[in-house]
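Trainee: need a 3D model of the sequence below.
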Amino acid sequence: MTARPERVAAEEVRQRMLDAGRELALEAGAALTIEHLRLEEVIQRARVPRSSVYRLWPYREEYTEDLLCYLAGPGSSFAERTLFDPETGTVIMRVLQENMHLIATPDGRRALMCEIVRLSVARNYEALTESLPWRLQMALSSTLGSTSSGGARRRIAAALEDSQRRSRESLVAVLRQITQVLGLRLRDPAYTLDHVQLAGGLLVQSLALRNVQVQAALGHPEGSQGEAAVGEAAEAGTAINGASLGGTGLITASDTGMVNGLLNAPVPGPGLDGKPAEWTLAAFAYLGVLDSFLELDPDFAPPGSGPSQPGGREP
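Mentor: Numbers count the residues shown, from 1 in each chain. Predicted structure coming up:
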């Protein structure tokens, strides 16, 4: 006697199908083309009755639109955590906790700010490069113009905006905490920490996206540069640093290898102990954004040193 198929509530069918579609999208990675996603494959992965699926989505395009909205919103990399990469927050807290004595002087506060940027942005850049969910977000953003349905385009864009808003709010909160602890203030009343977050965040994301492209062109495994990539970056960086801008024939690496070196070979920058330290390009560029918007508050009083003098401005 044939067993009766499992009865599954409509809402559970919907959630299973969306989760299964997300799994297939992440597995496919850069090879994914939503238009060619096979509905039967999703049904098999979701383990739901076919008849229930077609009652929810009579046409495949309707499922595709709902899946794209899910990937942009509830199923995005920002949906279930405060920060895109929680380890970045851990790095910031560790640097602060280990070096709080430095906030006693302006030079110490500056050095501590630089160290936070050097380590946390490097970590965030690496996490973005390796994140398949983040790549899906970028792919969704870049393909909005080719979405056939205007209604679907608006829904996907709204979902992307909502997830990015939540990410922005959490990162602004982190920036606010850092500026308060280190005694930083905005250089102009017209500036806000939202300006800082948006400019710095988009800068790091664009560099990470370029890195994804470069690593794919070099044939490195998806999701990781690997030791070979780092070695190639260092070699390319050495060639670039030793070359004259006006010379010819001094850079022998391919264009891709050269860009890999620019993105990933260490560049010198300020260190915590006053000596030069190794920086990523992403972190060094992000420091430039911070320096454009923020400065040390001369009226800042470290904890335990008494009240601050009047006239200071809070970020």
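Trainee: chain center to the helix or strand hosting Leu68, what's the gap?
Mentor: Assigned by DSSP states H and E, Leu68 belongs to helix 60-72. Helix 60-72 sits 23 Å away from the centroid of its parent chain (Cα atoms, centre = their mean, to the nearest Å).
Trainee: can you check stretch 193-213 too?
Mentor: Using Cα atoms, centre = their mean, the offset of stretch 193-213 from its chain centre is 7 Å.
Trainee: any buried residues in it, and which?
Mentor: Along stretch 193-213, these residues count as buried under the neighbour rule (16 or more other Cβ atoms under 10 Å): 193, 195-198, 200-201, 203-205, 207-209, 211-212. (Each C-beta comes from the backbone N, C-alpha and C, glycine too.)
Trainee: can you list the weak-confidence ranges in this protein?
Mentor: 1-7, 28-36, 77-84, 142-149, 221-253, 304-315 (pLDDT under 70).
Trainee: could you chop it up by domain?
Mentor: Using automatic domain parsing, the domain parsing of the chain gives 1-58, 82-296.
Trainee: what's the most buried one of the ones you listed?
Mentor: domain 82-296 (a mean of 17; mean count of other Cβ atoms under 10 Å).
Trainee: so which of the domains of the chain gets nearest Glu65?
Mentor: For the domains of the chain, distance to Glu65 was read as Cβ to Cβ. The smallest value, 4.1 Å, belongs to domain 82-296.
Trainee: how far out from the middle of the chain is the closest one?
Mentor: So, by Cα atoms, centre = their mean, the centroid of domain 82-296 is 8 Å from its chain's centroid.
Trainee: quick revisit: output the helix holding Leu68 as PDB, restricted to C-alpha atoms.
Mentor: Only the C-alpha atoms of helix 60-72 are listed here, as PDB (Å, rounded to 0.1, in the frame of the first residue of the first chain):
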ATOM      1  CA  ARG A  60       7.600  29.600 -12.100                       C
ATOM      2  CA  GLU A  61       8.200  33.300 -12.600                       C
ATOM      3  CA  GLU A  62       6.100  34.000  -9.500                       C
ATOM      4  CA  TYR A  63       8.300  31.800  -7.400                       C
ATOM      5  CA  THR A  64      11.400  33.300  -8.800                       C
ATOM      6  CA  GLU A  65      10.300  36.800  -7.900                       C
ATOM      7  CA  ASP A  66       9.500  35.700  -4.300                       C
ATOM      8  CA  LEU A  67      12.900  34.000  -4.100                       C
ATOM      9  CA  LEU A  68      14.700  37.100  -5.200                       C
ATOM     10  CA  CYS A  69      12.800  39.200  -2.600                       C
ATOM     11  CA  TYR A  70      13.700  36.600   0.100                       C
ATOM     12  CA  LEU A  71      17.400  36.700  -0.900                       C
ATOM     13  CA  ALA A  72      17.400  40.400  -0.700                       C
END
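Trainee: report all helices and strands that that helix contacts.
Mentor: Applying 3 or more Cβ pairs under 8 Å, 6 or more residues apart in numbering; DSSP states H and E, one finds that helix 60-72 contacts helix 10-28, helix 39-46, helix 132-142, helix 150-182.
Trainee: just checking, next helix/strand downstream of the last one?
Mentor: Per DSSP H and E, helix 150-182 leads on to strand 184-186 as the next helix or strand towards the C-terminus.
Trainee: any idea how far the residue positioned nearest the centre of the chain is from Leu281?
Mentor: Nearest to the geometric centre of the chain sits Leu128, at 4.3 Å (Cα atoms, centre = their mean). Going from Leu128 to Leu281 by Cβ to Cβ, to the nearest Å gives 14 Å.
Trainee: ok, now Leu182?
Mentor: 23 Å.
Trainee: now swap in Leu218 and tell me
Mentor: Counting by Cβ to Cβ, the gap from Leu218 to Leu281 is 17 Å.
Trainee: which two in the buried residues of stretch 193-213 are spaced the farthest apart?
Mentor: Applying Cβ to Cβ across those, the maximum distance is between Leu193 and Val212, 27.8 Å.
Trainee: find the nearest non-adjacent residue to Leu171, please.
Mentor: In space, and not counting its chain neighbours, Leu171 is closest to Gln197: 4.9 Å by Cβ to Cβ, 6 or more residues apart in numbering.
Trainee: how big is the angle separating the host helix or strand of that neighbour from helix 132-142?
Mentor: In the assignment (DSSP H and E), Gln197 maps to helix 193-217. Interaxial angle, helix 193-217 versus helix 132-142 (axes from the mean of the first three to the mean of the last three Cα atoms, to 10 degrees): 100 degrees.
Trainee: tell me the helices and strands packed up against helix 193-217.
Mentor: helix 106-130, helix 132-142, helix 150-182, helix 255-264, helix 281-293.
Trainee: tell me which of those helices sits nearest to Lys275.
Mentor: helix 106-130 (10.7 Å).
Trainee: by how many degrees do that closest one and helix 193-217 diverge?
Mentor: Using the same axes, to 10 degrees: helix 106-130 against helix 193-217 is 50 degrees.
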